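Enquirer: generate a structure from the sequence data that follows.
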Amino acid sequence: MTLATELNLEDPEVLERGRILFEQPCSFVIGCVKLEQVPAEPMAEIAFAGRSNVGKSSILNALVRQKTLARTSNTPGRTREINFFNLGERMMLADLPGYGYARVSKAQVQQWTGLVESYLKGRANLRRVCVLVDSRHGLKESDLGVMAMLDQAAQPYQVVLTKVDKVKADYLAKLEDKVLKVISKNPASHPVIAKTSSRKGHGIAELRASLATLADSQLPIS
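Expert: Model (predicted):
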C-alpha cells in the first residue's frame, strides 16, 4: 500500500491541498520543559518523534519549506524540549526530544522521557504522531517501545522512513515489508508507511497531503 493509493494522490487536487496548507506561515510558539507549559490551543496537532539524529528537524523544515524553522544538528540529543510551531492557525506541529541517545545525565533523560510520555498520553487534540525511523538502520528496540506506548494510549501514529535517498531500492522495499509486518499487529498504527528524504524531497509532498487531511478545516484551492 502507498500513500497514493490511500489518498488518491494521482489527483493533483489532493497534493495541492497539502501544498497550500504547508505553505501557510509557520512560526515557533514555545519550547516546553514542563507539561504545564504546553500550549492550550485547541487546533489539530501533529507530533514528530524518533531516535536522536533521525532527521526530525530536517523533515519539519522540508514540510514547511523553511531552512531554519527547526534547528538541525549533527549532534544527537540536541532537542531537549518539546518545541511547538503554529502552522497557519490550522495545525500545531510538535518536535519531540530525540530518544535513544543523549550526552546528558540519566536524570535529564528521565525528565524528558516523563515529559514526552505525559504529553503523548494526555493530549486530546493530537491527531497523529509521526514516528520517524532512519531507513539505514530500520526499527530499533527504542522505536518499538515508543510504538507500544502509543498503542497502549490508543494514540494514532504513522511510521515515516527518513533518508531513503541513502539506501538502495531493493533494501528499502524489504525494509518497508518488514515494518508493515510489525505495524499490522499494532492497533494504533496508520497502515501506510511514508518514505521520505528531506535532502532530495522524496515523499515530502505525499506526507504533506496525508497530514493535511487531519487539519481542523480544509483550505480552498486558490
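
Enquirer: what residues sit buried inside stretch 164-172?
Expert: 164, 167, 172 (16 or more other CB atoms under 10 Å). C-beta: built from backbone N, CA, C; applies to glycine.

Enquirer: ok, Gln24 - contacts?
Expert: For Gln24, the contact set (CB atoms under 8 Å, 6 or more residues apart in numbering) comprises 87-90, 219.

Enquirer: now rank the residues you listed by neighbours and give me the top one.
Expert: Leu87 (25 neighbours; other CB atoms under 10 Å).

Enquirer: the closest residue in space to that one that isn't next to it in sequence: neighbour count?
Expert: When the adjacent residues along the chain are set aside, Leu87 lies closest to Cys26, with 4.7 Å between them (CB to CB, 6 or more residues apart in numbering). By the measure other CB under 10 Å, the count of residues near Cys26 is 21.

Enquirer: likewise for Glu176?
Expert: Quick note: Glu176 (other CB under 10 Å) scores 18 neighbours.

Enquirer: now the helices for this protein?
Expert: Applying DSSP state H to the chain gives helices spanning 3-7, 12-22, 56-64, 106-122, 141-152, 169-183, 204-212.

Enquirer: out of those, which gets the lowest mean score?
Expert: Ranked by mean pLDDT, the helices of the chain bottom out at helix 3-7, with a mean of 50.

Enquirer: only the buried residues of stretch 176-195, if you could.
Expert: Buried residues in stretch 176-195 (16+ other CB under 10 Å): 176, 179, 183, 188-190, 192-195.

Enquirer: what does it rub up against?
Expert: Outside stretch 176-195, the residues touching it (CB under 8 Å, 6+ apart) are 1-3, 6, 128, 130, 133, 135, 138-139, 144, 147-148, 150-151, 153-161, 164, 172, 202-203, 206-207, 210.

Enquirer: check the offset of it from the chain's centre.
Expert: Relative to its chain's centre, stretch 176-195 lies at 15 Å (CA atoms, centre = their mean, to the nearest Å).

Enquirer: just checking, Arg19 touches Ala205?
Expert: Yes - with contacts counted by CB atoms under 8 Å, Arg19 reaches Ala205, the gap being 6.8 Å.

Enquirer: so who does the closest residue to Arg19 other than its chain neighbours touch?
Expert: Excluding the flanking residues, the one nearest Arg19 by CB to CB, 6+ apart is Arg208, at 6.3 Å. Contacts for Arg208 (CB under 8 Å, 6+ apart) come out as 15, 18-19, 21-22, 63.

Enquirer: widest-spaced pair of these?
Expert: Leu15 and Leu63 (13.4 Å; CB to CB).

Enquirer: from Leu115, how far off is Ala212?
Expert: 28 Å (CB to CB, to the nearest Å).
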